[in-house]
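> Generate coordinates for the sequence data below:
(chains A and B)
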Amino acid sequence: MVFSSAIFLLYFLPLFIVVYYLSDKKYRNYIIVFFSIFFYSWGAPQFIFAALGITFVNFHVVQWMDNSRSPMRKKVYLTMAICVNVGLLIYFKYANFFVENLSYIIMLWNGAPIKWMELALPVGISFFTFESITYIVDVYKREHSPQKSFIDFLTYILLFPKLIAGPIVRYHEIAHQLKSREHSLDNFLNGFYRFSIGLAKKVLIANQVGLIANHYFFYDTSFLDSASAWIGILSYTFQLYFDFSGYSDMGIGLARMMGFRLPENFNSPYISQSITEFWRRWHITLGNWMRNYLYIPLGGNRTNSKIRLYFNLWMVFLLSGLWHGASWNFIAWGLFHGTFLVLERAFLHTLYQKLGAFIRVFLTFFIISIGWVIFRSEDMVQAIGYIERLFAFQFDWQQFCIWKHNFYLLLAAIFSFLAFFKFGQKIQATVFDEVTHPKKQVLQTIASLILLLLSLSYISASGFNPFIYFRF
Amino acid sequence: MKKVIFGIIVLFLSLPFLQSMTGTFSLRPLSGHGYVAPDTVFTWKKWWDGTFQIQREKYINDNFGFRNLFIRGYNEISYNLFNKLNLDGGVVGKENYLYEQRYLDAYYGVDFLGDEIIKEKVRKIKRIQDTLQKLNKFLLIVLAPGKGSFYPEYFPDELKRIKGPTNNESYENHLKEQVVHHIDFNTHFCNIKKTSSHSLYPKYGIHWSSYGATLAADSIISYLNKNSYRKMQRFNWHSVVMKKSNLYDNDMGDAANLLITDLSDSSAYPVLEEVPGDYDKISTLVISDSFYWTLASIGLEKRYSKFHFLYYNKQKFPENMPVDPTDLYNFTNESDVVLIISTEATIKDLGWGAIEKMYNFYFSDFTDPELRTKIIEMQNYIRADKNWSKAIAEKANKEKVSFDSILFREAKWEVDRFLKHQMTK
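Below you'll find the model as predicted:
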């Protein structure tokens, strides 16, 4: 079930709100768990047991780990828990990829390909595995005591607003909220406003520019002129941002409606003035996770050797690419970003300082867009072909004259770069900041309901494309 | 105040569900073909394999409360902001003239098959016509008008292109050249466009106007009376009523499903009177695209003793059933007149396989009824085989010929092969 579907918006959500707010506070986590299990099993009934099973194992192993006095035994439990979680992630997410590549190599040596039944990927496994790891590690490092209530732990892992697409919430960020959180009308309303904005970002912008991107990426790259290729990749660049950040906004908003405060996941990433800054603004919770649970344990910045530092950066981004999906494209994309991060550390930062902020934003956006070509393409052949078309300098100018395309691209560009300007920051603050004044709340409610209505219109129409001869 | 806002939000979110349960508010239904997903019954097995969820979600998507209103809202935005119709192939032209893309393509010759292919097809039609004539049956080809040819001046600028040879022009030339009975309303309507007292083609419709169809029906009856040695009842009209366009004159405007903007205007409707006298009631087979429906709406069917309408040679009416492989042969045998009607946008598939099928019946190099039966059986066998049928469809598409002609070729080849094998045994 996705947030931007009729079944979620018009059935699941109102029912959940009514049940949640009519029930006693002490039962609300039970209600969250019940609805989250339903939410998850709606799309992946076969995997809910795996998710519940691994959560159960984590809960108990971490308790054993915490109770054991011997540091050695603690380490054993830690290693065991991490191996189980990472093992499951590797098995479900990467086994197909590894077997496929191994078969390819074997076939190169005239061997027979490995017989293998392709595995289905459990939805959200990358997110809840990473969250489970934060719990295990945080408790191990004594940053937080282990959760005593299994229901509260299930609430943390399965909380439906963040279950499928994040944000990745570290255990210590939410631990205290599992026991006591503020159920206020202000929280509910501000959550609803945030949810409506997220929904609009997803439905009114991401889906629309996504149609343009799909149109251009559908073609064999040799048929593309440069104008089409640029429109295609710009559309995809905006689609990714509005899709993902829209979903994060919806998740944050929904959680807020239940009294939770989840960490932010995006902060106008396309106004970044370097790739390093981009990774502080894009998928922030993944960046933080990678830094805390991978980069720092690898040695982070505190290495004496520059080579080692660059290797760490590269490794983190290679794994970050792989986290996004089991494909060579994602690995290449991770390495692409890793390379720029290394280059920035080596000399690009110094060079950037000589340029104006506008040029830095432009350059960074340009590099990011090229990176998205690798990310979006079916394989490396398409990616290279597409990049070639971008720089073929053969322009069919008519492609720039499609008003509908221009409208959505313009809208996406305005909202993406708004925060670059001071007045834009003010507008953003007005929209996203806490609203507690009743008059402002009335205005924001009206605006949110309009966005919801528009989004519902777009969702309804997406499956309705009539054929006029019905009556004949 | 905050509690009130909270209540409003919850009510707002719940209203569509309540509407779908109670249907309290009666809403204007949507026009246009819309497949509505059926509901499903819950079983654990369906839940486990996910089919229940998929089907249920589809059902909800098609049936939630106020869906019509939401869709109309989207269409209104799309129309006003982007000049777009949320309609299969719909195009908004200048001054809001509505088209379908394929009419523009046909006008510019984008779908042109090539002169040789059309010449060959007309040769077949001519042979069928002559054979039917010997059997005291009359074949008439009707080239219905096309909105592309009738209103090229309202095409949106961005869709204008250089005009090439078209299927319609090529058919018209070859039909004339090979002396096949036909009426070319496409050219005729364009010729009388400026002098006609009422619009022959509606602004918001994709088919001929009721007024235009009435003129066409009158011409078809006159043509048949003159050339087929039969006397069909004619009609007259002394007056024409101007009123809000009906569904036939406003099909696209109606199917645009807008919320506020009214895409309709008024159209001319002749008040028809039957001309009294003694007439023949003739048995007719019509093979046509959707242009026939307007002719039927003005009462052409009253003049038949028996009639069969094969809509795109796929669905038969009045039964409203899929066409059987033997229907064409049987209906042709039963009929005095065979009408094949096609507009410029559909003429590339003229007859929709019926011409090739008829030709095979009458002129294949097999005259032995037993052999014919074998081939028909083989055709049915191939049709029932999904993969084989798919391969034939792909071949037909590649060779730009009808599915039936390839089907016949394959079936005949298989039967020949079988017979040769039998002989060598």
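> Show me which residues of the helix or strand of chain B with the lowest mean pLDDT are buried.
Least confident helix or strand, chain B: helix B:403-424 with a mean of 76, by mean pLDDT, DSSP states H and E. Applying a neighbour-count criterion of 16 or more other C-beta atoms under 10 Å in any protein chain shown, one finds B:Phe403, B:Asp404, B:Ser405, B:Ile406, B:Leu407, B:Phe408, B:Arg409, B:Glu410, B:Ala411, B:Lys412, B:Glu414, B:Val415 buried in helix B:403-424. C-beta coordinates here come from the backbone N, C-alpha and C atoms, glycine included.
> Check which helix or strand B:Leu30 maps to.
For B:Leu30, there is no host helix or strand (DSSP states H and E).
> For it, grab phi and psi.
Backbone dihedrals for B:Leu30, given as degrees, to the nearest 10, come out at phi -80, psi 140.
> doesn't B:Asn68 make contact with it?
Yes. Counting by C-beta atoms under 8 Å, B:Leu30 does reach B:Asn68; the two are 5.3 Å apart.
> who's more crowded, the two?
Set B:Leu30 next to B:Asn68 and count neighbours by other C-beta atoms under 10 Å in any protein chain shown: B:Leu30 wins out with 19 against 16.
> Alpha carbons only: can I get stretch A:251-260 in PDB?
Output of stretch A:251-260 as PDB, limited to C-alpha atoms (Å, rounded to 0.1, in the frame of the first residue of the first chain):
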ATOM      1  CA  GLY A 251       5.900   9.800   6.400                       C
ATOM      2  CA  ILE A 252       7.100  12.600   8.700                       C
ATOM      3  CA  GLY A 253       3.600  14.200   8.600                       C
ATOM      4  CA  LEU A 254       1.800  10.900   9.300                       C
ATOM      5  CA  ALA A 255       4.100  10.200  12.200                       C
ATOM      6  CA  ARG A 256       3.500  13.700  13.500                       C
ATOM      7  CA  MET A 257      -0.200  13.100  13.400                       C
ATOM      8  CA  MET A 258       0.400  10.300  15.900                       C
ATOM      9  CA  GLY A 259       2.600  12.400  18.000                       C
ATOM     10  CA  PHE A 260       6.000  11.200  16.700                       C
END
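> For burial, what's the neighbour tally of the residue in the stretch 151-300 of chain A that chain B sits nearest to?
Nearest residue of the stretch 151-300 of chain A to chain B: A:Leu185, at 4.1 Å (C-beta to the nearest C-beta). Look at A:Leu185: counted by other C-beta under 10 Å, it has 15 neighbours.
> Can you tell me the closest non-neighbouring residue to it?
Closest residue to A:Leu185 apart from its sequence neighbours, by C-beta to C-beta, 6 or more residues apart in numbering or on different chains: B:Lys2 at 4.1 Å.
> Strands along the chain, start to end?
Let's take chain A. With DSSP state E as the definition, chain A shows no strands.
> I was thinking of chain B, sorry if that wasn't clear
Using DSSP E, the strands found in chain B span residues B:90-92, B:98-100, B:138-143, B:182-184, B:235-244, B:266-274, B:282-288, B:304-311, B:315-317, B:321-322, B:337-342.
> Dump those strands into TSV; add mean pLDDT, distance to chain A and mean neighbour count as well.
Below are those laid out as TSV (pLDDT from 0 to 100; distance: least, C-beta to the nearest C-beta, whole Å; neighbours: other C-beta atoms under 10 Å in any protein chain shown):
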stretch	mean pLDDT	distance to chain A	mean neighbour count
strand B:90-92	91	8	20
strand B:98-100	93	8	24
strand B:138-143	94	16	23
strand B:182-184	95	21	20
strand B:235-244	88	17	12
strand B:266-274	88	17	17
strand B:282-288	92	10	23
strand B:304-311	86	8	19
strand B:315-317	88	10	16
strand B:321-322	88	16	10
strand B:337-342	95	13	24
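> that older thread, wait, the residue nearest to A:Leu185 sits on A:Gln441?
Yes. When contacts are counted by C-beta under 8 Å, B:Lys2 is listed as touching A:Gln441 (6.8 Å).
> Neighbour count for the two, which is higher?
Using other C-beta under 10 Å as the criterion, B:Lys2 and A:Gln441 rank with A:Gln441 on top: 20 against 16.
> residues in contact with the more buried one?
A:Leu189, A:Val435, B:Met1, B:Lys2, B:Ile5 (C-beta atoms under 8 Å, 6 or more residues apart in numbering or on different chains).
> By neighbour count, which of the residues you listed wins?
That'd be A:Leu189 among the contacts of A:Gln441, by other C-beta under 10 Å, with 24 neighbours.
> Quick check: the gap between that one and A:Gly246.
The gap separating A:Leu189 from A:Gly246 is 19 Å, by C-beta to C-beta, to the nearest Å.
> and what of A:Phe340?
In terms of C-beta to C-beta, A:Phe340 sits 26 Å off from A:Gly246.
> try A:Leu15
23 Å.
> hmm, back to that, turn the contacts of A:Gln441 into CSV, columns for distance to A:Phe415.
Compiled in CSV, those are given as follows (distance: C-beta to C-beta, whole Å):
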residue, distance to A:Phe415
A:Leu189, 22
A:Val435, 19
B:Met1, 30
B:Lys2, 29
B:Ile5, 26
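> Point out where the stretch 1-150 of chain A drops to low pLDDT.
A:116-119 (pLDDT under 70).
> what residues does it put near chain B?
Within the stretch 1-150 of chain A, the positions adjacent to chain B are A:1, A:5-7, A:9-11, A:13-14, A:17-18, A:42-46 by C-beta under 8 Å from any C-beta of the partner chain.
> and those, which are buried?
A:1, A:5-7, A:9-11, A:13-14, A:17, A:42-45.
> Next up, the contacts around the residue nearest to A:Leu185.
With C-beta under 8 Å, 6+ apart, B:Lys2 has these contacts: A:Leu185, A:Asp186, A:Leu189, A:Pro438, A:Gln441.
> Give me the pLDDT for B:Phe155.
Here, the pLDDT recorded for B:Phe155 equals 93.
> quick one: it and B:Leu98 touch, right?
No. With contact defined as C-beta under 8 Å, B:Phe155 does not count as touching B:Leu98 (11.6 Å).
> Was I right to think A:Arg280 contacts A:Leu286?
No. Look at A:Arg280 against A:Leu286 with C-beta under 8 Å: they stay out of range, at 11.5 Å.
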